[in-house]
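K.L.:
For reference, the sequence and a predicted model appear below.
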Amino acid sequence: MAHSGATMISKFALAACFGALQGCTDNAVVSQCPPVSAAPPATSAAISSTLDSTKEKYKLNAIIFGAEQDGKPLVRTALGVSTTGVPATTDMHFRIGGVGWQLLSTVLLRMIEQDPVRIALTDRVSKWYPDYPNADRATVRMLAASSAGFGDYIATDAFIAEVTANPLRVWTADDLIARSVLPYQKPQFDDPGYNWKYSHTDFVVLGAVLEKASGKKYAALLQELILDPLALRDTRFQLDAAPQLPVLHTLQEGDFRDSTYWNPSFVSWSAVTSNICDLGKWNRSFGTGSLLSPAMRSEIVSPVNVGLGVNTPQAYFGLGTLVYPPWIVQRAAYWGMYTTTAFDPTTGTSLAATVSLSAALPPGAQPSDEIITAVSRLLTPDHPVPN
């Protein structure tokens, strides 16, 4: 199945740091996310070998990886360098891209639980966007499932060129929604809910709907409904050019400019940064549905898209996430960052990896996917994550 996020459309990457000027780590601060090696020695050695070989194969600058079992860390490690003279560490923050759609979908479901009159999965998008093309036939559920067919603003060369030309620009949801309709884009299909194609616009509209329905900014909703309840202190919604420090540096694919301090607002509500510890907590919470009632929990992996587009019972898009039963997976790639997460509710296994590119990376690679699949073969050999 095609990847979600920027990997489900034509890939692009855009990247910076103040370089080593600020340094990107503070050695005087005690690590809140230290390395861990708690797996059996043979397992730890096999995972270490997998990470080393992947780093060498793809000439990566860095890998940050975490594996957990029932919420307890098995392996947490960092390899390589963030930038010249600065080793990568498990404390470092990085963009998590499409994982933000998992957060967004959970905010939606929690809002519905709190007040189903205010917003429901069956509500028509036209309730908030009466003039948007096909909004009268698209529902809130279709937005979260990416089956509304709204034109994907990000899928044009002109848009990517504009972002690349001014990577510090702040893009609002209204800006992005305006780029999803004529003269910039047209609907992917005209029968919402009866076809499927990944669209960033579906999720941008969903977040805008949540703001309209709640009367609150999305950052406040995210903090109230997810970050505070789970004590995710190293996860932040970032619509500016100031990432959390210490930060893992990234290099844009193609010209390999440093993209660390560029503004990720063009990916809207998925402009979220985290570290490997918070990402492990979130991966388990989302995979178990710990913040949701059983009924809402089942909506996440409901196979409503099976039979639409490329979705099959073995690989389909749920609400804000990929599902490869039993694995719940998310993938992201932009601006030289590749992040992949996977959770297996049958064994309580949580895997997360992020990598940063070097100028020697072969084209078309997805190293974080490869890491997750390879480690899952070690930990759950009878049902690894498909690559």
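P.N.:
Thanks, I have the structure now.
K.L.:
longest helix anywhere in this protein?
P.N.:
helix 41-58 (DSSP state H).
K.L.:
continuing past that one, what's the next helix or strand?
P.N.:
Helices and strands here follow DSSP states H and E; after helix 41-58, the next one along the chain is strand 62-69.
K.L.:
show me where this protein has helices.
P.N.:
41-58, 99-114, 140-145, 157-165, 173-178, 200-214, 218-222, 276-288, 294-300, 367-379.
K.L.:
looking at these, which is closest to Ala352?
P.N.:
Ala352 lies closest to helix 276-288 among the helices of the chain, at 4.6 Å (Cβ to Cβ). Yep, even glycine has a C-beta here, placed from its N, CA and C like the rest.
K.L.:
quick one, that closest one and helix 99-114 angle?
P.N.:
50 degrees (axes from the mean of the first three to the mean of the last three Cα atoms, to 10 degrees).
K.L.:
pLDDT (mean, whole number) over helix 276-288?
P.N.:
On average, the pLDDT along helix 276-288 is 98.
K.L.:
Can you name every helix or strand that that helix contacts?
P.N.:
Contact here means 3 or more Cβ pairs under 8 Å, 6 or more residues apart in numbering; DSSP states H and E; on that basis helix 276-288 packs against strand 62-69, strand 72-83, helix 99-114, strand 337-344, strand 349-356.
K.L.:
For Arg331, give its distance to Asp202.
P.N.:
Arg331 sits 17 Å away from Asp202, going by Cβ to Cβ, to the nearest Å.
K.L.:
circling back to that earlier point, which strands and helices lie in contact with the longest helix of the chain?
P.N.:
So helix 41-58, by 3+ Cβ pairs under 8 Å, 6+ apart, packs with strand 62-69, strand 72-83, strand 349-356, helix 367-379.
K.L.:
give me that answer again for 6 Å
P.N.:
Packing partners of helix 41-58 (3 or more Cβ pairs under 6 Å, 6 or more residues apart in numbering; DSSP states H and E): strand 62-69, strand 72-83, helix 367-379.
K.L.:
pLDDT weak spots in this protein?
P.N.:
Along the chain, segments meeting pLDDT under 70 span 1-30.
K.L.:
and the helices and strands packed on helix 41-58 as CSV, adding distance to Gly336 and mean neighbour count?
P.N.:
What follows is those, written out as CSV (distance: least, Cβ to Cβ, whole Å; neighbours: other Cβ atoms under 10 Å):
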stretch, distance to Gly336, mean neighbour count
strand 62-69, 11, 25
strand 72-83, 12, 20
helix 367-379, 11, 22
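K.L.:
just to revisit the earlier point, and of the helices and strands packed on helix 276-288, who's closest to Ser285?
P.N.:
helix 99-114 (8.3 Å).
K.L.:
between the closest one and helix 200-214, how many degrees?
P.N.:
Using the same axes, to 10 degrees: helix 99-114 against helix 200-214 is 30 degrees.
K.L.:
Just the CA trace of helix 99-114, in PDB.
P.N.:
Taking Å, rounded to 0.1, in the frame of the first residue of the first chain, the C-alpha atoms of helix 99-114 are listed here in PDB:
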ATOM      1  CA  VAL A  99       1.800  10.800  13.000                       C
ATOM      2  CA  GLY A 100       0.100  14.200  13.400                       C
ATOM      3  CA  TRP A 101      -2.900  12.700  11.600                       C
ATOM      4  CA  GLN A 102      -3.200  10.100  14.400                       C
ATOM      5  CA  LEU A 103      -3.200  12.900  16.900                       C
ATOM      6  CA  LEU A 104      -5.800  14.900  14.800                       C
ATOM      7  CA  SER A 105      -8.100  11.900  14.600                       C
ATOM      8  CA  THR A 106      -7.900  11.300  18.300                       C
ATOM      9  CA  VAL A 107      -8.700  14.900  19.000                       C
ATOM     10  CA  LEU A 108     -11.800  14.500  16.800                       C
ATOM     11  CA  LEU A 109     -13.000  11.300  18.500                       C
ATOM     12  CA  ARG A 110     -12.500  12.800  22.000                       C
ATOM     13  CA  MET A 111     -14.500  15.900  21.000                       C
ATOM     14  CA  ILE A 112     -17.300  13.600  19.700                       C
ATOM     15  CA  GLU A 113     -17.300  11.700  23.000                       C
ATOM     16  CA  GLN A 114     -17.500  15.000  24.900                       C
END
